[in-house]
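A.B. asks: Sequence plus predicted model, see below.
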Amino acid sequence: MAGALALVASLAVAAVGTASTETAAAPAVKPPNVPNAKALKAKYGGSSLTFLGDGPVGKSHTRDKLLVAKFSADTGIKVKLVPHPADSSASYSQLARTFSGKSSAFDVVMLDVVWPGAFAQYLVNLKPALAREARAHSQGIIRNNTIGGKLVAMPWFGDFGILYYRTDLLRKYGYSSPPKTWAQLGTMAKKIQDGEQASNPNFYGFVYQGNAYEGLTCDALEWLASSGGGRFVDNGKASINNPRAIAMMNLQRSWVGTITPRGVTTYQEGEADSAFGAGNAAFMRNWPYAYAKSQTGPVKGKFDVTVLPRTGSNPSVGTVGGWQLGVSTFSKNREAAIELVRYLTSAPVEKFNAIYNSNVPTIPAVARDAAVRKVNPWLKPEIANVTRVTRPTILGTRYAQGSQIIYQGLNQILNGQDAKNVLPGIEQRLNRLLPR
Ligand code: GLC
């Protein structure tokens, strides 16, 4: 799985790196028609499905509502939409409970890019029905979602970490470009915060995902990999206890309460995008979805995005994220469920998702579409070609446990402990989980 994920990174990059020659079409802001609706209505009309969809973060749940309403209107298949928890770690536990209880509560489920291995046994093989459709997606993600020869999920949207910054405030404080290094980010965030706090006590320099959950694993992977501090596990062995990782984690600790709100140690994606979107932060680390969300409020027209900072000669990086759609083996309406997945992961829906919710397309042709690129500047090669780093899926079915060891330990550092006292314990515990 780890190898496949590395490929996800390189293929997605190759896909968006190709210049588009298409002409701009009118933005597809409405969910597209279901192509085979008549046949589906005849076969499955009146039946019911439950879709465990996206959480209440940004416009994602609204996106799902619009799509599901369109699918139901066109096909007569009723779809109950249940949002999963906003917290990916809580979503993982919810699915683990659902599957181990053999529950048929959900027919179609959303799966984080790091889960296919853990849940493969509970997911229907989509290859017989969707092999042709799968060929249009980045093959690295298809490989990531293929476990023991079974295509256990279809790619739904991708993700990678980016830096959001306020263009108006950079100008106001005399900066001509966003920070290239973490040290520059620290200096700029402090200066802007000191100036802005005079009139807005809620203003902070930098917000990100510091809560003890999966998001912190993603953010910290970026901090470490962009500073020569490794990727938690390197060459099959835990590597997190190294001088550069210690220095970087202690730098982040020193920023909590100085250039970040004290509460950043409880922030997930939603708290970060609320602060930035309300105009209360100069810089934010988040995923592309927050781009569309931030266009809807007071910072509209006052921000831009770029790659995350780095240290020294290390590269800027972005953690690979993203979500898949799978069908539960406990579903009582498998065939109709597969049809919902076929629709939701089709090129026209990915285009809608990218324009409506700035979701990263997993279909290269959609990523090249001029109308998509026009409203998603993070698809520009200089951002989209950033080095992608993957979480240690070498942990296999123990990934969630390993990530928990990482984020709980790192959250203790952000809350005040010295990294040199915490990282050795994380390293030991990770080594115990790794395959020998
Ligand atoms: C985003 C990513 C996902 C990651 C999560 C962490 O949803 O797509 O891969 O696990 O954030 O919070």
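C.D. replies: That came in fine, so what should we check first?
A.B. asks: list the contacts for the closest residue to the ligand within the stretch 51-200 of the chain?
C.D. replies: At 3.5 Å from the ligand, residue 159 is the closest residue in the stretch 51-200 of the chain, using Cβ to the nearest ligand atom. To be clear about C-beta, it is placed using only N, CA and C from the backbone, and glycine gets the same treatment. Contacts of residue 159 were listed using Cβ atoms under 8 Å, 6 or more residues apart in numbering, and they are 113, 287-289, 320-323, 360.
A.B. asks: Tell me the secondary structure at the nearest residue to residue 362 once chain neighbours are set aside.
C.D. replies: Once flanking residues are discounted, residue 362 sits nearest to residue 155: 3.6 Å by Cβ to Cβ, 6 or more residues apart in numbering. Three-state call for residue 155 (DSSP: H, G, I helix; E, B strand; the rest coil): strand.
A.B. asks: Just give the number of residues close to residue 155.
C.D. replies: 26 (other Cβ atoms under 10 Å).
A.B. asks: Tell me the pLDDT of it.
C.D. replies: If you check residue 155, the pLDDT there is 98.
A.B. asks: Next one: it relative to residue 387, how far apart?
C.D. replies: With the distance defined as Cβ to Cβ, to the nearest Å, residue 155 ends up 21 Å from residue 387.
A.B. asks: before we move on, back to that, next up, the contacts around the residue nearest to residue 362.
C.D. replies: Applying Cβ under 8 Å, 6+ apart, the residues near residue 155 are 137-138, 141-142, 145, 322, 324, 345, 362-363.
A.B. asks: Intersect these with the contacts of the ligand.
C.D. replies: Filtering the contacts of residue 155 for proximity to the ligand (criterion: Cβ under 6 Å from any ligand atom) leaves residue 322.
A.B. asks: TSV please, covering the contacts of residue 155 and showing distance to residue 197, pLDDT and secondary structure.
C.D. replies: Shown next, in TSV, are the contacts of residue 155 (distance: Cβ to Cβ, whole Å; pLDDT from 0 to 100; DSSP: H, G, I helix; E, B strand; the rest coil):
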residue	distance to residue 197	pLDDT	secondary structure
137	46	98	coil
138	43	97	coil
141	43	97	helix
142	48	98	helix
145	46	98	coil
322	36	98	strand
324	42	98	strand
345	45	98	coil
362	41	98	coil
363	44	98	coil
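A.B. asks: and which of the contacts of residue 155 is nearest residue 296?
C.D. replies: residue 322 (22.9 Å; Cβ to Cβ).
A.B. asks: so that closest one bridges to which residues?
C.D. replies: residue 158 (DSSP bridges).
A.B. asks: from now on call the first residue 740
C.D. replies: Let's use 740 as the start, then, which means that last one is residue 1061.
A.B. asks: who are the neighbours in contact with it?
C.D. replies: 747, 851-852, 880, 894-898, 1099, 1101.
A.B. asks: Report the buried members of those residues.
C.D. replies: With neighbours counted by 16 or more other Cβ atoms under 10 Å, the contacts of residue 1061 contain buried members at 747, 851-852, 880, 894-898, 1099, 1101.
A.B. asks: Show me what from this protein comes close to the ligand.
C.D. replies: Contact residues, the chain versus the ligand (Cβ under 6 Å from any ligand atom): 827, 851-852, 898, 953-954, 957, 1008, 1026, 1060-1062.
A.B. asks: show me where the stretch 740-889 of the chain has helices.
C.D. replies: Along the stretch 740-889 of the chain, counting by DSSP state H, counting those that start in this stretch, helices occupy 741-756, 776-783, 799-814, 827-839, 855-858, 866-873, 878-883.
A.B. asks: one step back: okay, the contacts of residue 898 in a markdown table with distance to residue 1068 next?
C.D. replies: Shown next, in a markdown table, are the contacts of residue 898 (distance: Cβ to Cβ, whole Å):
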| residue | distance to residue 1068 |
| --- | --- |
| 852 | 21 |
| 1026 | 30 |
| 1027 | 32 |
| 1028 | 29 |
| 1059 | 27 |
| 1060 | 25 |
| 1061 | 23 |
| 1062 | 19 |
| 1099 | 28 |
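A.B. asks: Closest one of these to the ligand?
C.D. replies: Once Cβ to the nearest ligand atom is applied, the member of those that ends up nearest the ligand is residue 1060, at 2.7 Å.
A.B. asks: pretty sure the closest one contacts residue 880?
C.D. replies: No - applying Cβ atoms under 8 Å as the test, residue 1060 and residue 880 come out as separate, 11.4 Å apart.
A.B. asks: who touches both of those two?
C.D. replies: By Cβ under 8 Å, 6+ apart, the residues touching both residue 1060 and residue 880 are 852, 897.
A.B. asks: what domains does the record give for the chain?
C.D. replies: With domains defined by automatic domain parsing, the chain comprises 766-898+1059-1117, 901-1058+1129-1172.
A.B. asks: Which parts of the stretch 990-1139 of the chain are helices?
C.D. replies: 1008-1016, 1028-1033, 1073-1083, 1086-1096, 1103-1107, 1109-1114, 1120-1123, 1138-1153.
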